[in-house]
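# Structure for this input, please:
(chains A, B, C and D)
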There are 2 protein chains.
Amino acid sequence: MPGHSPAACPAVTEVLSRVGDKWSMQVVMQLGYGSMRFNQLRREIDGISQRMLTRTLRGLERDGLVSRTVTPSVPPRVDYALTALGESLREPVSRLGDWAVANRDTVAEARAAYDLREEG
Amino acid sequence: MPGHSPAACPAVTEVLSRVGDKWSMQVVMQLGYGSMRFNQLRREIDGISQRMLTRTLRGLERDGLVSRTVTPSVPPRVDYALTALGESLREPVSRLGDWAVANRDTVAEARAAYDLREEG
DNA sequence: CAGGATCCGAAATGATACTG
DNA sequence: CAGTATCATTTCGGATCCTG
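So this is what the prediction gives:
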């Protein structure tokens, strides 16, 4: 593996723990299509609860991946968007996505085979 | 973002939930350096418990990322290695690692700034 | 050596109800 | 609309003890 030092491994873990939760990447990918309001995001991301969307957005904002813009009106309007840092994360994550799409069948088969020869 | 279809997003999540746990990628990265026995892995990966190493290896084996070879001797010998599928995962994960290394300071600063203006 | 079994605490997630 | 607060549940991870 070219250009990969051992020192990078803890860093990988660090990012994955930030990005590896259930919703963060779905939010980032969704915001990759453009700025969006809270309930808009909620509708687009299937199955996310209000609580989890809030928490996920706070986490992403804290890490500087997402910006939050409040327009004090009635009713209030809050827009979320990717920062430059957030944008820069999209490519490496997409690579992982490509891998997932390319190998999902292989993984599914391996899983089925494993379950068969263990449980059986 | 070129070549990224909406349909890929759930797939990203799927991989991340496989790979995003605390130990899986450390194991994969370690096995990237070559085949290894159980306790060897345990020594190399700082802080992992026996239970978690076992569980992580089982998971990776189930998904076809790692192979397990038992040599029936006394004491028993079990070797773990990456499969071709496991090898193929190293590159996209390394990309994420590169991103992590490149941006860890930026993230740390964003985090500190956020905590300051919230808690303060 | 390479685990399996069991117990426990912590953290993530979800459902629901309420609010400026 | 965009949250906060609370509660229940599930999952994760570590510690410990036991075994072929």
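
# how about the nearest residue to the residue in chain A that chain B sits nearest to, chain neighbours excluded?
Residue of chain A nearest chain B, by Cβ to the nearest Cβ: A:Gly20 (2.0 Å). C-beta coordinates here come from the backbone N, C-alpha and C atoms, glycine included. Leaving out its chain neighbours, the residue that sits closest to A:Gly20 by Cβ to Cβ, 6 or more residues apart in numbering or on different chains is B:Gly20, at 2.0 Å.

# The one you found: how many residues sit nearby?
Using other Cβ atoms under 10 Å in any protein chain shown, B:Gly20 is surrounded by 22 other residues.

# what residues are up against it?
By Cβ atoms under 8 Å, 6 or more residues apart in numbering or on different chains, the contact set of B:Gly20 is A:16-17, A:19-21.

# circling back: and the residue of chain A closest to chain B, backbone torsions?
Per-residue torsions, A:Gly20: phi -90, psi 0 (degrees, to the nearest 10).

# try A:Asp63
Dihedral angles (degrees, to the nearest 10) for A:Asp63: phi -90, psi 0.

# Confirm for me that it is in contact with B:Arg111.
Yes - the pair A:Asp63 and B:Arg111 passes the contact test of Cβ atoms under 8 Å, sitting 5.9 Å apart.

# Which of these two has more residues huddled nearby?
Shown here are A:Asp63 and B:Arg111; by other Cβ under 10 Å, A:Asp63 has more neighbours (23 against 14).

# Distance of that one relative to B:Glu119?
16 Å (Cβ to Cβ, to the nearest Å).

# what does A:Ala110 give?
Taking Cβ to Cβ, one finds A:Ala110 at 46 Å from B:Glu119.

# now swap in A:Glu44 and tell me
Taking Cβ to Cβ, one finds A:Glu44 at 31 Å from B:Glu119.

# The two: which has the busier surroundings?
A:Glu44 (17 against 6).

# Now do the same for the more buried one: its pLDDT.
According to the prediction, A:Glu44 has pLDDT 94.
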